[in-house]
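Novice: this one's structure only:
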DNA sequence: CACGATTTGTTCGTATGTATT
DNA sequence: GAATACATACGAACAAATCGT
């Protein structure tokens, strides 16, 4: 396939690798639930260091495109049920990357933003960004 | 101060360093706009490799707490005006980390999630997560 | 159950490039 | 031009968790 590396020296290699993998995912070449090549095989296939490969994978993780499971491998994210949250009048929504406490509390994946809904009463709800859609009601 | 390193060997060092810096920022010890110690000085102060220091800084960047300016330094994020977006009935909101196209399009900072508002008509608006609050209207 | 193979996580060192001061 | 400071990228090693034999 595309084993040989022809990377543009003007762009960070990890970005270009991320671009290729993202394209492969969007085109369906790498289907949801399917396994992404291991870090080792990617280093060999493209002739890159593991650091560079990991930097690319980290980017895709942060975009919610892949899920990494320690000791098992990396997989294209399966479409998950998206929880729907109805937003009442005056309720507020903010999103950001979580701190470690929030990651635990809302069971977020590495690189997944948290969506915080503050109700008019003052109570706060947190959701993993990759699994929630907020709808005005 | 806290120059000596007493890191818990059971937790990734970069996470612990990130915790300390986050605490310093939240407590005001490092005030908005103020400079964060350079990578080099952090490696020396805590006796860590630069990679470990960078991993910690990358985490804080992803949380929107700091802004890294190449060749200039790292700074505590200044509070920015938050744009308020009113969400109409049926409008939808999703958040995730952007791909490179979206980063350019919506002028997002490194590590800043994008908030996408889809109006009932089908049009889509994108905002930087660190500068927007969505309010139900 | 134990052991080895696989795979990701963390951490060190080193070198070079690029932009600012 | 020199010094400073972040960005990228190589290599190497060990830890930790999972899986098949």
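Specialist: Good, I have the coordinates. The structure displayed is predicted, hence computed values, not measured ones. Residues are numbered from 1 along each chain as shown, chains lettered A, B, ... in the order given.
Novice: center of chain A, which residue is that?
Specialist: Centre of chain A computed as the mean C-alpha position; nearest residue by Cα atoms, centre = their mean is residue A:64, 2.2 Å away.
Novice: and that one, that one's in a helix?
Specialist: No - read with DSSP: H, G, I helix; E, B strand; the rest coil, residue A:64 is coil and lies in no helix.
Novice: so who does it touch?
Specialist: A:77, A:111, A:112, A:129, A:130, B:96, B:97 (Cβ atoms under 8 Å, 6 or more residues apart in numbering or on different chains). (C-beta placed from N, C-alpha, C; glycine too.)
Novice: again, but for residue A:102
Specialist: Contacts here follow Cβ under 8 Å, 6+ apart; on that basis residue A:102 touches A:108, A:114, A:126.
Novice: what's the closest non-adjacent residue to the first one?
Specialist: Translated: residue A:108. Excluding the flanking residues, the one nearest residue A:108 by Cβ to Cβ, 6 or more residues apart in numbering or on different chains is residue A:128, at 4.9 Å.
Novice: Angles on the backbone of that neighbour, please.
Specialist: phi -70, psi 130 (degrees, to the nearest 10).
Novice: same deal with residue A:135?
Specialist: According to degrees, to the nearest 10, residue A:135 has phi -120, psi 130.
Novice: what's the spacing between it and residue B:128?
Specialist: Here residue A:135 is placed at a distance of 21 Å from residue B:128 (Cβ to Cβ, to the nearest Å).
Novice: And residue A:53, by the same measure?
Specialist: 28 Å.
Novice: on that earlier part again, quick one: the residue nearest to residue A:108 and residue A:112 touch, right?
Specialist: Yes - with contact defined as Cβ atoms under 8 Å, residue A:128 counts as touching residue A:112 (5.2 Å).
Novice: quick one: which of those two has more around it?
Specialist: residue A:112 (26 against 20; other Cβ atoms under 10 Å in any protein chain shown).
Novice: so which strand or helix has that one?
Specialist: Residue A:112 belongs to no helix or strand when elements are defined using DSSP states H and E.
Novice: which secondary element of chain A has the worst mean pLDDT?
Specialist: Least confident helix or strand, chain A: helix A:100-105 with a mean of 86, by mean pLDDT, DSSP states H and E.
Novice: ok, and does it reach over to DNA strand C?
Specialist: No - if you take Cβ under 7 Å from any atom of the strand as the test, helix A:100-105 misses DNA strand C, and the best it gets is 10.8 Å.
Novice: what angle sits between the host helix or strand of residue A:54 and helix B:50-62?
Specialist: Assigned by DSSP H and E, residue A:54 belongs to helix A:50-62. Calculated by axes from the mean of the first three to the mean of the last three Cα atoms, to 10 degrees, helix A:50-62 forms an angle of 10 degrees with helix B:50-62.
Novice: and helix A:50-62, which residues are buried?
Specialist: Buried residues in helix A:50-62, counted by 16 or more other Cβ atoms under 10 Å in any protein chain shown: A:52, A:53, A:54, A:55, A:56, A:57, A:58, A:59, A:60, A:61, A:62.
Novice: restrict these to those near chain B?
Specialist: By Cβ under 8 Å from any Cβ of the partner chain, the members of these lying near chain B are residue A:62.
Novice: Out of the buried residues of helix A:50-62, which is nearest to chain B?
Specialist: Of all the buried residues of helix A:50-62, chain B sits closest to residue A:62, with 4.0 Å by Cβ to the nearest Cβ.
Novice: Now do that closest one, the pLDDT please.
Specialist: pLDDT for residue A:62: 84.
Novice: which ones are touching the residue lying closest to it once chain neighbours are set aside?
Specialist: Of all residues not flanking residue A:62 in the chain, residue A:111 sits nearest, at 3.5 Å (Cβ to Cβ, 6+ apart). Residues near residue A:111 by Cβ under 8 Å, 6+ apart: A:58, A:61, A:62, A:63, A:64, B:62, B:97.
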